[in-house]
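Visitor: Kindly generate the corresponding structure for this input.
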Amino acid sequence: MSISAISDHLREIKLRDLARNVASQCSKRKWPLACAFFYLILALVLTWPVVSSPFSKVPIGSEPSASVPLYNIWATWWNADRLAGGLFGYWDAPIFFPTEGSFCLSEPQPTTMMVAPVIWITGSHILAYNIYIWISLALNGLFAQRLAQTFGMGRWTALWAGTAMVLLPIVHWQLGISQLAPLWAILWTLTAIEQLCRTPTKRNGLTLGIAASLAFVTCMHHGLFLAILLIGAAPTLWRHWIRPKEIKCWGVALAVALIFTVPFVRQVKSVTEIHAIEWEKDLITNNSAKVTDYLHAPSDPDLCISFDAGKQNPLFLSPGAIKYLLAIVGIVFGLRRPQFRRWASFLLAIAVLSFFLSLGPNFRLGDFQPWWWLSEHVPGFDRVRSVMRFAFFVQIAVIIFAALGINGLYQWSRDGFAQPKWQTASRLAVIAIAFTALANGYPTKSGRAYDQFGKEFNGSADLTPLDKNKHQKWLEYVEKNTPADHGILCLPVAPGPRVWEYLRTAEFMYLGTFHNTPIFNGYSSHFPEHYRDLRSEILAGFPTQSILHKCYTGKVKHIVAKAKKGSPDRSSEFGRYWLKRVCVDELVEVYQIGRFER
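Guide: Predicted structure coming up:
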């Protein structure tokens with residue numbers, strides 16, 4: 001055979017191998033891609049009717065108003081804006097003017113940059129926000145599925161775990177607080193820990209460090225809780241801490257996590273130490289769980305959430321009674337099987353710690369309340385306000401154990417009966433239980449929740465009144481006539497500390513994304529002292545010479561106030577200062593602040 005013939009034959013073999021390899025890779029990816037598509041469709045269905053109007057509606061879960069979603073829409077825009085600007089001035093967001101580092105006062109959520117192209121292409125901040133939620137829910141499913149498979153569960157059991165994670169009741173109950181929805185980085189971290197235990201390599205250590213870092217920056221609240229729980233559950237993995245070769249790999253993970261998170265934490269800490277206030281003990285206690293809260297799911301038929309300032313809102317922290325039962329089966333099955341025992345012990349430790357920590361000051365050992373001791377002696381605990389959110393980790397653990405319980409029951413149905421008809425019947429029973437468990441505990445219209453006006457809501461808010469076209473006149477005026485080093489004050493200010501009382505402020509924050517002018521107001525977890533002082537003065541009586549003096553010296557150029565069509569001109573003089581109406585439309589009027597020169 002000639003050399004050319006041999007060459008042609010080898011080329012033909014390579015092409016056949018290439019085609020075979022491509023077909024093999026595509027076949028391997030069909031199942032994950034199909035699951036990802038399924039989770040995404042499920043996320044769209046679960047947030048109905050948002051998908052019917054994605055440019056104007058947002059999911060709000062059981063929130064009494066769209067205040068928090070509007071903040072998160074604004075934060076999504078700011079992340080996209082700073083990404084386009086090379087991240088310069090990232091922390092100096094245009095709220096609480098002229099406070100520096102104002103973006104540190106709440107959740108920055110840099111992972112929302114993944115939807116920045118949506119804003120750049122469509123100009124819709126609301127659409128980008130909705131897509132981020134849908135992606136987050138789908139990723140929760142994918143990473144839960146991957147975690148279950150890493151723990152040794154089969155394809156269909158892992159699919160159940162992923163589906164249950166997309167349906168996680170506490171996520172949908174709190175979906176209006178969208179920074180709590182992305183759990184995928186937490187699930188990735190748990191997966192990376194198990195992989196590092198099995199194969200202690202520096203590469204797996206690097207993966208764990210990256211996953212843990214993403215979990216923290218995606219939601220600092222979850223990130224802090226995850227760090228606390230991992231430290232608390234670490235002794236269950238003690239065998240992997242006494243081997244020198246493995247310690248190096250864990251050291252890589254720790255070093256990578258610190259490299260990414262320490263600068264982030266340092267910046268946030270430097271600002272919050274100046275502006276943050278100490279949380280009242282009664283507030284922390286009210287935001288802590290009780291044991292009975294874990295007996296009630298958001299799907300309870302008699303659920304009715306009250307937003308009366310004098311009443312404590314009930315907490316619905318149960319993922320569903322059937323999931324609890326399956327999780328108990330999974331715990332027993334996991335601890336009895338050597339191949340599952342390590343990760344089952346680790347995950348059980350996380351679940352138990354999460355449960356007791358979620359009780360906060362409500363957990364007592366006689367007269368001793370461990371939470372207050374932790375707040376005084378362990379960094380980070382004193383910044384926690386919503387202690388009950390440790391329940392997210394309880395529900396994550398319940399889902400994984402429930403999946404293992406289904407896996408164990410299915411094996412029992414196969415091995416526990418000799419006759420085929422009984423095997424078939426028992427398998428069908430397990431499948432029926434699995435499907436029933438998925439729906440068990442899921443909120444129906446967030447339960448029967450009512451807002452502060454007694455009006456039932458269905459878990460979504462319509463933001464059509466905030467269409468920028470309806471506000472075009474004053475938005476353009478403010479943008480063109482406010483100097484670069486000046487800001488604006490928006491009225492009315494929040495009349496109280498409740499979430500829904502900041503709705504008008506959050507609306508002005510959203511509209512501020514279109515006029516690109518910093519505002520004196522803002523909504524966040526913490527508030528600068530100068531804002532708190534002036535807000536109190538405005539609520540006592542506006543306008544006054546003192547208020548205008550502080551605004552003028554603070555470089556507030558315009559005051560933007562909500563108004564109705566035909567509102568009278570309120571231009572006036574107050575000592576050395578004056579207000580002049582310079583722009584008015586059907587919704588807003590703009591006043592310029594000036595001072596008489598001596």
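Visitor: Okay, now the unreliable bits of the stretch 301-450 of the chain?
Guide: Counting by pLDDT under 70, the low-confidence segments of the stretch 301-450 of the chain come to 301-314, 413, 415-419, 423, 444-450.
Visitor: for it, what spans make up the strands?
Guide: With DSSP state E, counting those that start in this stretch as the definition, the stretch 301-450 of the chain shows no strands.
Visitor: cool, the stretch 51-200 of the chain as well?
Guide: So, for the stretch 51-200 of the chain - with DSSP E, counting those that start in this stretch - the strands run 57-59.
Visitor: Pull the number of nearby residues for residue 217.
Guide: 18 (other Cβ atoms under 10 Å). Where you see a C-beta, it was placed from the backbone N, CA and C, and this is true even at glycine.
Visitor: Please read the previous query as pertaining to residue 197.
Guide: So residue 197, with other Cβ under 10 Å, has 18 neighbours.
Visitor: Name all residues that make contact with the closest residue to it other than its chain neighbours.
Guide: The shortest distance from residue 197 to any residue other than its chain neighbours is 5.5 Å, reached at residue 240 (Cβ to Cβ, 6 or more residues apart in numbering). Applying Cβ atoms under 8 Å, 6 or more residues apart in numbering to residue 240 gives the contacts 196-197, 200, 246, 250.
Visitor: from the residues you listed, which is closest to residue 465?
Guide: Closest approach to residue 465 among these (Cβ to Cβ): residue 196, at 50.6 Å.
Visitor: For the most centrally placed residue in the chain, give its distance to residue 185.
Guide: When Cα atoms, centre = their mean is applied to the chain, the residue found nearest the centroid is residue 179 (1.8 Å). Applying Cβ to Cβ, to the nearest Å, the value for residue 179 to residue 185 is 12 Å.
Visitor: So for those two, which residues contact both of them?
Guide: In contact with both residue 179 and residue 185: residue 218, using Cβ under 8 Å, 6+ apart.
Visitor: starting at the chain centroid, how far to stretch 585-598?
Guide: Put simply, stretch 585-598 sits 39 Å off its chain's centre (Cα atoms, centre = their mean, to the nearest Å).
Visitor: Convert it to PDB, retaining C-alpha atoms only.
Guide: The C-alpha coordinates for stretch 585-598 follow below in PDB (Å, rounded to 0.1, in the frame of the first residue of the first chain):
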ATOM      1  CA  ASP A 585     -46.000  67.300  34.800                       C
ATOM      2  CA  GLU A 586     -49.000  65.200  35.700                       C
ATOM      3  CA  LEU A 587     -47.000  63.100  38.300                       C
ATOM      4  CA  VAL A 588     -44.100  65.200  39.600                       C
ATOM      5  CA  GLU A 589     -43.100  68.800  40.200                       C
ATOM      6  CA  VAL A 590     -39.500  70.000  40.400                       C
ATOM      7  CA  TYR A 591     -38.400  72.900  42.600                       C
ATOM      8  CA  GLN A 592     -35.000  74.500  42.500                       C
ATOM      9  CA  ILE A 593     -33.300  75.600  45.700                       C
ATOM     10  CA  GLY A 594     -31.500  78.900  45.800                       C
ATOM     11  CA  ARG A 595     -30.000  81.400  48.300                       C
ATOM     12  CA  PHE A 596     -30.200  85.200  48.300                       C
ATOM     13  CA  GLU A 597     -26.700  86.700  48.300                       C
ATOM     14  CA  ARG A 598     -26.000  89.400  50.900                       C
END
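Visitor: what is the rounded mean pLDDT of it?
Guide: The predicted model assigns stretch 585-598 a mean pLDDT of 86.
Visitor: Give the buried residues for that stretch.
Guide: 585, 587-593 (16 or more other Cβ atoms under 10 Å).
Visitor: swap in stretch 72-88?
Guide: So stretch 72-88, judged by 16+ other Cβ under 10 Å, has buried residues 72-83.
Visitor: what's in contact with it?
Guide: The contact list for stretch 72-88 (Cβ under 8 Å, 6+ apart) reads 58, 89-90, 93-95, 103, 106-110, 112-113, 115-116, 119-120, 125-126, 128-129, 132, 177-179, 506, 509-510, 512-513.
Visitor: I'd like to know which of those are buried.
Guide: The buried subset of those (16+ other Cβ under 10 Å) comprises 58, 90, 93-95, 103, 106-110, 112-113, 115-116, 119, 125-126, 128-129, 132, 177-179, 506, 509-510, 512-513.
Visitor: now the helices for the stretch 101-250 of the chain?
Guide: Assigned by DSSP state H, counting those that start in this stretch, the stretch 101-250 of the chain shows helices spanning 116-122, 125-150, 155-166, 169-173, 184-198, 202-218, 220-233, 244-275.
Visitor: Can you list the neighbours in contact with the fifth one?
Guide: The reference is to helix 184-198. 111, 136, 139-140, 142-144, 146-147, 150-151, 165, 204-205, 207-208, 211-212, 214-215, 218, 222, 226, 230, 237, 240, 249-250, 253, 342-343, 346-347, 393, 396.
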